[in-house]
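Asker: predicted model and sequence below, questions to follow.
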Amino acid sequence: MSKIGLIISREYITRVRKKSFILMSFLGPLLIVGFGLFTAYLSSAEKEKYEILVVDESHLFDSILRNSQKYHLQWAPKDKSYTEIQELFKKDDQLDLLVYLPVNLIKTNSMTAKCLYKDIPSTGVQKHLSGIINEAIELYRVSYNKIDISTYKSIKTQINLDVVDIENQANKNIQRKAFIGIAFSMFIYIFIFMYAVQVMRGVIEEKTNRIVEIIISSVSTFELMMAKIIGIGLVGITQFIIWTVVTFIMSLTILPQIIPDKYNPASQLETDKILENSVTIDPSNEILQFIIYEIQWPYLILFFILFFLGGYFLYSGLMAAIGAAVDEEADTQQFLIPLTIPMIFALMMAGKVIDDPSSSLSFWLSEIPFTSPIIMIIRIAMGIGDSSVEVWEIILSLFLLIITFIFTTWLSSKIYRKGILSYGKKASYSEIIKWLRS
Amino acid sequence: MSSKNIIEIENLHKSYSNHKALNNINLTIEKSKIFGLLGPNGAGKTTLIRIINQILKPDSGTVKFDGEILSRKHIHNIGYLPEERGLYKKMKVGEQALYLAQLKGLSKKEAKNKLNYWFEKLGTTNWWNKKIEDLSKGMAQKIQFITTVLHEPKVLILDEPLSGLDPVNSLMIKNEILELKKKKTSIILSTHDMNSVEEICDEAAIINHSEKIMQGGILELKEKYQENSWTIKYRGNQMSFTNAVWGGWEIISHEKINENTNKAEIRLLNQFTINQFIKGIVDHVEIVEINLKTPTIQEVFIKATANE
């Protein structure tokens, strides 16, 4: 094996064999799946049954307001005032919600119904309540105006709005895809930072224990720096591949075990006796459909690796230079901050990019090499093609990333070469500029 | 053509941005000798070592290795033990030794065989699977010594090889160094431990303020700073001793050994000879022992660097 190969394999093997690496390989996917489950749990953490006390001042709702097992309606005594009923509601532990329908609600459009709670109901519950109230008012007006119920049903529609790009009609739901993109951009950020910092630590270790002097008598400083960067980069890719595979396996095996009913749209339907016109798809199931069929996983994974590598090479070269310039890790802070700012800025701008993935802000952030790995992956997740990001933009971004990392690596190697042999002096920006000039 | 010297340095200059590290250094190191490289901190020793190791390039001047201009191919003929112990703390002893040996151009198999030999020799066989961080400083130093000499370099550069070692291990390493010398290895020993210089070095050079101020055999260096000082052990009265000879000498120290025996250290001044002095005292006291006092290398070092 060549000496560079020897160094790469040492950097790689010592890290991959570490307990922390093996632990992270399983903890990472567990966290991802766990987090997914937790969000699913939160959104489904509704009560089995809601006891809802209804104050109907007009006395017109009792026959038409849809009652169900899950949302069980009870009618408040008609001889009590609204304030008295509120007291009653407060005292009765069985009751979850109090719905107040003012007297004129059914006749005018300007009134507001009220829902009083003890524990705040989820948006799903709120939507259900406003849904059945609207439905009841409509049904009342249908019969009041002597409209045939079948005519009403034919008029009544419930449409979904698909937001679709004219040039690429297959690409729907790009805002939702953006959330996958955000997840990936977070991963890119974490991966770049985690592994670039490992490069820095490795350099500091070699410098402080002077082993570097033995190694660079056998290979050049540039070769050592690149071998270290490549070795650790391979560790990052290995970690990512393990995460992808393990997450995939876990999602397929654990997820259906834990939330089986979420995979079966029929189960929800049985509990709710819903009118034909308001059938809804179980949202978590829809999300699953979306995740499986609409996200372009192969592209996303391919570009994740490419942009991770690009970003990683860019930042790790600079981190290596920082590691070489200082004597101990405590001194790195002043140099690390300027490096983290562009990445944090990119993460902060992610929201704006999602709002308008083809804006000029989105374009520039995804082309400028210091932010592009984080932003471009969001745009890619939102769909390659004309809708969010065009192929030439991705190519240009990668090209700029490569050019920049070649430049920064060259710059870093100059700092590295000088820094690695200088001890005891507190590194400062002026000292580094001196090294660059000499 | 084989040269008598393993290393020949001519007119070597090296400057950093803000100071001169080496100024016109000329140095020759003979084959199969132990060469002490001495000098105060910051004198330029490390820079010189780095140039020999080809970590740094000189601004001007030449370094020859065994008669040839020093180049990359000589790397495998040099073994370097840096001052701070250079080993990866988290790596296992055996793997690390194999890695460093391979970096020095040995094949894995060759390295393994040689490591077995050395591990057995220095009693470190049981440490193969231990991590460096679990070893004591002295143990780690032994491992590092092995990794430095494993590829059988022609030149060994040892920077403070004995610091931190207990007397047993220190002696063990010292003996290994002497044995390597017997096997025709040339050794450059950079150290502040003047006793070990005196014990094992054949030659030495002192560098101060970026310049070589002297070089030569250990005895030769001592002679240069030889003063006309003597220690005399005698039986008799101290008064009789000091009053026996008037002028031409001074007393440096005096010590009573027992009831009747004393030891004095004297310096002869100007042209006054030891024979004249003996003639003067011989009737007053009984001389037991008389020795010319030679300076230690430590004294030579201090005087040489103070004169600068």
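Answerer: Alright, I've got the coordinates. Residues are numbered from 1 along each chain as shown, chains lettered A, B, ... in the order given.

Asker: contact residues of chain A facing chain B?
Answerer: Residues of chain A that fall close to chain B, judged by CB under 8 Å from any CB of the partner chain: A:1, A:3, A:6-7, A:10, A:14, A:18, A:205, A:208-219, A:421, A:434, A:438. To be clear about C-beta, it is placed using only N, CA and C from the backbone, and glycine gets the same treatment.

Asker: which of the residues you listed fall in strands?
Answerer: The subset of the residues of chain A next to chain B located in strands under the criterion DSSP state E is empty.

Asker: any stretches of chain B with poor pLDDT?
Answerer: B:1-2, B:85, B:308 (pLDDT under 70).

Asker: of the residues of chain A next to chain B, buried ones?
Answerer: When the residues of chain A next to chain B are checked for burial by 16 or more other CB atoms under 10 Å in any protein chain shown, the buried set is A:3, A:6-7, A:10, A:14, A:205, A:208-219, A:421.

Asker: helices of the stretch 101-250 of chain B, start to end?
Answerer: B:108-121, B:137-149, B:167-182, B:194-200, B:218-224, B:238-244 (DSSP state H, counting those that start in this stretch).

Asker: quick one, what contacts the nearest residue to A:Leu97 once chain neighbours are set aside?
Answerer: With CB to CB, 6 or more residues apart in numbering or on different chains as the criterion, A:Leu97 has its nearest non-adjacent residue at 4.6 Å, and that residue is A:Ile52. By CB atoms under 8 Å, 6 or more residues apart in numbering or on different chains, the residues touching A:Ile52 are A:Tyr71, A:His72, A:Leu73, A:Gln74, A:Leu95, A:Asp96, A:Leu97, A:Leu98, A:Val99, A:Leu129.

Asker: I'd say the second one and A:Lys49 touch.
Answerer: Yes: A contact is recorded between A:His72 and A:Lys49 when judged using CB atoms under 8 Å, the distance being 6.2 Å.

Asker: sketch out the low-pLDDT regions of chain A for me.
Answerer: Ranges of chain A meeting pLDDT under 70: A:39-46, A:110, A:158-176, A:254-294, A:386-387.

Asker: residue boundaries of the strands in it?
Answerer: Under DSSP E, chain A gives strands at A:50-56, A:71-75, A:97-101, A:114-117.

Asker: using JSON lines, please lay out these together with distance to B:Trp249.
Answerer: What follows is these, written out as JSON lines (distance: least, CB to CB, whole Å):
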{"stretch": "strand A:50-56", "distance to B:Trp249": "116"}
{"stretch": "strand A:71-75", "distance to B:Trp249": "119"}
{"stretch": "strand A:97-101", "distance to B:Trp249": "116"}
{"stretch": "strand A:114-117", "distance to B:Trp249": "111"}
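
Asker: closest one to A:Lys177 among the ones you listed?
Answerer: Among these, the nearest to A:Lys177 by CB to CB is strand A:71-75 (32.8 Å).

Asker: list of residues touching that closest one?
Answerer: Outside strand A:71-75, the residues touching it (CB under 8 Å, 6+ apart) are A:49-54, A:56, A:62, A:65, A:67, A:95, A:99, A:125, A:128-129, A:132.

Asker: repeat that for 7 Å
Answerer: For strand A:71-75, contacts defined as CB atoms under 7 Å, 6 or more residues apart in numbering or on different chains pick out A:Lys49, A:Tyr50, A:Glu51, A:Ile52, A:Leu53, A:Val54, A:Asp56, A:Asp62, A:Leu65, A:Asn67, A:His128.
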